[in-house]
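Enquirer: Give me coordinates for this.
(2 chains)
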Amino acid sequence: MSPRYEPKEIEPRWQQRWAEARVFSPQDDDPRPKKYVLEMFPYPSGSGLHLGHASNYTIADVIARYAWMKGFKVLHPMGWDAFGLPAEQYAIEKRIHPSQAVEENLRNFKGQLTLLGGSYDWTRELSTTDPAYYRWTQWIFLRLLERGLAYQAEVAVNWCPALGTVLANEEVIDGKSERGGHPVVRMPMRQWMLRITAYADRLLEGLDRIDWPENVKQMQREWIGRSVGAEVVFRVEGAGEFKVFTTRPDTLFGATFCVLAPEHPLVARITTDAQRATVSAYVEAAGRKSDRDRMADAKEKTGAFTGAWAVNPATGAKVPVWIADYVLATYGTGAIMAVPGHDARDWAFARAFGLPVVEVISGGDVTKAAHEGEGTLVHSGFLDGLPVEEAKARMTAWLEAKGLGTKAVRYKLRDWLFSRQRFWGEPIPVLHRADGTTVPLPDDALPVTLPEVPRYEPTGTGESPLAGVDAWVNTRDPRDGAPARRETNTMPGSAGSSWYFLRYIDPRNAAAFCDPAKERAWMPVDLYIGGTEHAVGHLLYARFWQKVLFDLGLVSTDEPFRRLFNQGMVVAATYRDAEGRVYPREAVETADGATRVKATGAPVTTTLEKMSKSKKNGVGIDEAVARYSGDAVRLAGLFLGPPDAEKEWTPNAIEGPWRFLLKAWRLLVGDEDGPGVPLTDAPATGALRKAVHRAIDGITKDMEAIAFNTAVSKLMVLLSELQGANPLPRDAAEAFVTLLAPFAPHAAEEMWAALGRAPFVSVAPWPVADPAALVDDTVTLAVQVNGKVRGDVTVAADAKEADVLAAAKGVENVRKHLEGKAIVKEIVVPKRLVNFVVR
RNA sequence: GCCGAAGUGGCGGAAUUGGCAGACGCGCUAGGCUCAGGACCUAGUGACCCUAAUACGGUCUUCCGGGUUCAAAUCCCGGCUUCGGCACCA
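Expert: Model prediction:
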């Protein structure tokens, strides 16, 4: 065997040995404590994995490997989130079946992940598109249906004509589809919904019990958007009444008009004949506007007077009732009381239409702007003189006593739109019987599998392509044989990903989605790793399903992810010309401070953007591994910067880590000129021993803190210490290889073998630093005069303060700066510095 | 507009949470090796001043301006910039 570093030969060999020996497959009867380390499973797209993914997966892998070495049995599985739009789009483009597209992409992804030497338990691999898996997605749906948490409704949905489907709110950005940027319009349609709003309070409360980044918790809190206030009844003269929701019941005396959403059911009834034409025109115009247009018009207030007057229950005064599209039909009661003195939106509306503004809270100037802050109630009858908070409580109590209103809580969170008019998703396991009833299929009829169809492009009519497959659609109710049609909507991509972490625990169970004993043994996930882009989508849905399963007694914990870690994305230079065309790095050159396209000389702008194929700024994993090695790619991704920060990839980011690997290899294994440095069994002493233990101590702390960039740097420092020793003490060499193992596992295994140790260093015990080796006998302190460093002094670590001061004063350059001055203060910071304050 | 995070050499980034700013790496410079180039090895490398000197020494420097302190990248006040999230939610 050549002692040269030949990654192409050694890396596949170790990958195979790990798999054969099932090194990373935890056994249920293993008595060691468990650690469940999970990264958000990938969506296997056609473009494959680039170095941005590599960096993310390496972070999780290092954590999992470290846990093994710390003596845990570790569950670190991998699978595929393969249903949904992108796979279907890709298949349509390539004119192949989605299942075939998924299979190809999945094989490609797995191959690329393997190149990096991830410590995955591949025996637990799963795909959301596997009928054996989605059978249980459908099963959970039936439980939701039984509990009344799944229902059908005619709702205004985001219909995207280009994609031929309905999209969730978070899939729509600025009135365009998140994928593809196609226009989206509002349109009523029959849809399946999940009643996530029923869990709003519990989803909020649970956040206080989990170790997640504060910004993600905050995003979820804002998304749920809990508001406490009151519902107040306004009577309309001669036409019944309507309710408004307000968080500021204290300002009721200042409500000088009311505004209904254009879609409010009362609008037609209360509008006077004189106003009917104006109102109808406004309602119609508002209905035509997409959300996008409404947003674009947000700055200008528009509206129309209905001609109706309502009674302010506090003042008894008649107030005009308007309609305006700044009031949303879908929030609160779809109607508001307008308090222009203390609400900026109402103020703007009042100003636009010349409506009266009344001050009811002192402290501002309501003729210039709405005063939304604190103050004392004025012009408010029995509330006068009270502070805001007290006035809210007093007014709410008064309304309740008079039967004019109640305390109320409202949420921004909407129910989860759970159906898609597409082929590539889990069929919703429901039948529409000929007698007009809609019934769930019995559990033993699951899974409802997708048919093989020649055509699966969207129909564009709002119906799923499944609707056209007569043989599949027309069926019989298995209970009584009555004719029925299958539900043709499918589930959204976020269905299968809402519970997959449970399936990894018991992936082949045909009798249950997961064995309860195994579930208790492994849940919750100890560390969940993924990007912030899922902060309010996936992470909220998964928490919701988990709580439902918990309520059904099917799982042991109501929060699935104990700790969440957000890894930062990897960005790279993107080159764009004036027309917006992108160019790969090789196609541009920089000269005289300007970057131009090599071929045409056209100037390009350079921006840092997330790596992706479409921006031509990514580097494929295969490519990088072929040129360097899997270990080098791992090290480079980690060394780039802090795992939770955005990191910039440049072509030579890999050079340093690569050279480090070569140096370590040459030292411990050798090169074409011969074997590595001779070893000695005599233990390391002196400075070398200190260096080893300092590295163990520092790297261990970095591992716990997930600070891998500095851990790699400490490995580099330790290596250069080792390079100074000949012969090299075996214990020092072994410590280095053990510390290296989570980061560069293939090379570490090979070095471990070269040191004569039996495999596998990947699961060898993590070394422990000897505290005695960390203390120094002497310390060097900086000596400052008036805060400026003038020299340094080396003293015994346990030197007395007086001796330290004496020694510091003896330093020549310090003496020069002290000469002729009076010392007014002497500061000694043990082991750090001495500071003389002089005058 | 509101909320949150961050601004440190030519570049990516360190800094025990108030104690020698710039670890480690890239790049660059010089030397070695080589027919040569690459690779590799060794050394140097924040800016400015003093200097024959890369010695000795000095001044400045963590986005900008103030402040607290013996001491500030770190704490406080004001401002600027960048990046995320929300965006008529009453």
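
Enquirer: OK, contacts around the closest residue to RNA strand B within the stretch 451-600 of chain A?
Expert: Of all residues in the stretch 451-600 of chain A, A:Thr532 sits closest to RNA strand B, at 5.8 Å by Cβ to the nearest atom of the strand. Heads up, the C-betas are built off the backbone N, CA and C, glycines and all. A:Thr532 makes contact with A:Asn215, A:Val216, A:Met219, A:Asn566 under the criterion Cβ atoms under 8 Å, 6 or more residues apart in numbering.

Enquirer: one more time with 7 Å, if that's ok
Expert: Residues counted as contacts of A:Thr532 (Cβ atoms under 7 Å, 6 or more residues apart in numbering) are A:Val216, A:Asn566.

Enquirer: Figure out how far stretch A:514-526 is from the centre of its chain.
Expert: 23 Å (Cα atoms, centre = their mean, to the nearest Å).

Enquirer: in that stretch, what counts as buried?
Expert: Within stretch A:514-526, the residues that qualify as buried are A:Cys514, A:Glu519, A:Ala521, A:Trp522, A:Met523, A:Pro524, A:Val525, A:Asp526, counting by 16 or more other Cβ atoms under 10 Å.

Enquirer: for those, which one is nearest A:Ala587?
Expert: A:Val525 (43.0 Å; Cβ to Cβ).

Enquirer: For the residue in the stretch 101-250 of chain A positioned nearest to RNA strand B, give me phi and psi.
Expert: Residue nearest to RNA strand B within the stretch 101-250 of chain A: A:Ser227 (3.0 Å; Cβ to the nearest atom of the strand). A:Ser227 has phi and psi values of phi -130, psi 130 when expressed as degrees, to the nearest 10.

Enquirer: Can you flag which of the buried residues of stretch A:514-526 belong to helices?
Expert: A:Glu519, A:Ala521, A:Trp522 (DSSP state H).

Enquirer: Could you tell me which residues make contact with the last one?
Expert: Counting by Cβ under 7 Å, 6+ apart, A:Trp522 makes contact with A:Lys34, A:Tyr36, A:Leu75, A:Ile505.

Enquirer: Quick check: residues of the stretch 701-839 of chain A near RNA strand B?
Expert: A:707, A:709-710, A:712-713, A:716-717, A:720, A:723, A:780-782, A:784, A:786-792, A:812-813, A:817, A:825, A:827, A:829, A:832-833, A:835, A:837 (Cβ under 7 Å from any atom of the strand).

Enquirer: Kindly write the ChimeraX command that selects the buried subset of the residues you listed.
Expert: Remark: buried members of those, expressed as a ChimeraX selection using 16+ other Cβ under 10 Å:
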select /A:707,709,710,712,713,716,781,784,790,791,792,817,833,835
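
Enquirer: Could you list which of the residues of the stretch 701-839 of chain A next to RNA strand B belong to helices?
Expert: A:Asn709, A:Thr710, A:Val712, A:Ser713, A:Met716, A:Val717, A:Ser720, A:Glu812, A:Asn813, A:His817.

Enquirer: Check the secondary structure at the nearest residue to the fifth one once chain neighbours are set aside for me.
Expert: By that I understand A:Met716. Distance criterion Cβ to Cβ, 6 or more residues apart in numbering; nearest residue to A:Met716, sequence neighbours excluded, is A:Phe660 at 5.4 Å. Three-state assignment for A:Phe660 (DSSP: H, G, I helix; E, B strand; the rest coil): helix.

Enquirer: that older thread, phi first, then psi, for the residue of the stretch 451-600 of chain A closest to RNA strand B.
Expert: Here A:Thr532 shows phi and psi, under degrees, to the nearest 10, equal to phi -70, psi -10.

Enquirer: Now do it against A:Leu564, distance only.
Expert: Distance, A:Thr532 to A:Leu564, using Cβ to Cβ, to the nearest Å: 10 Å.

Enquirer: any residues in contact with both of these two?
Expert: With Cβ under 7 Å, 6+ apart as the test, A:Thr532 and A:Leu564 both reach A:Val216.

Enquirer: what about the strands in the stretch 501-650 of chain A?
Expert: Here the stretch 501-650 of chain A has its strands, by DSSP state E, counting those that start in this stretch, at A:527-530, A:564-566, A:570-576, A:582-583, A:588-591, A:594-597, A:605-610, A:647-649.

Enquirer: One more: the stretch 1-150 of chain A?
Expert: Using DSSP E, counting those that start in this stretch, strands in the stretch 1-150 of chain A cover A:34-39, A:73-75, A:79-80, A:126-127, A:150-160.

Enquirer: Give me the phi and psi angles of the residue in the stretch 651-800 of chain A positioned nearest to RNA strand B.
Expert: Nearest to RNA strand B in the stretch 651-800 of chain A, going by Cβ to the nearest atom of the strand, is A:Gly656, at a distance of 2.1 Å. Dihedral angles of A:Gly656 (phi, psi; degrees, to the nearest 10) stand at phi -60, psi -50.

Enquirer: Could you find the closest non-adjacent residue to it?
Expert: A:Phe639 (6.8 Å).

Enquirer: And the one you found, how close does it get to A:Phe660?
Expert: If you go by Cβ to Cβ, the gap between A:Phe639 and A:Phe660 works out to 9 Å.

Enquirer: on that earlier part again, tell me the pLDDT at the residue nearest to A:Gly656?
Expert: At A:Phe639, the model reports a pLDDT of 93.

Enquirer: Report the contact partners of the closest residue to A:Glu39 other than its chain neighbours.
Expert: Nearest residue to A:Glu39, sequence neighbours excluded (Cβ to Cβ, 6+ apart): A:Ala60, at 4.0 Å. Going by Cβ under 7 Å, 6+ apart, A:Ala60 touches A:Val37, A:Glu39, A:Ile529.

Enquirer: can you list the residues you listed in JSON lines and add pLDDT, neighbour count and distance to RNA strand B?
Expert: Compiled in JSON lines, these are given as follows (pLDDT from 0 to 100; neighbours: other Cβ atoms under 10 Å; distance: Cβ to the nearest atom of the strand, whole Å):
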{"residue": "A:Val37", "pLDDT": "97", "neighbour count": "25", "distance to RNA strand B": "22"}
{"residue": "A:Glu39", "pLDDT": "94", "neighbour count": "24", "distance to RNA strand B": "19"}
{"residue": "A:Ile529", "pLDDT": "94", "neighbour count": "24", "distance to RNA strand B": "17"}
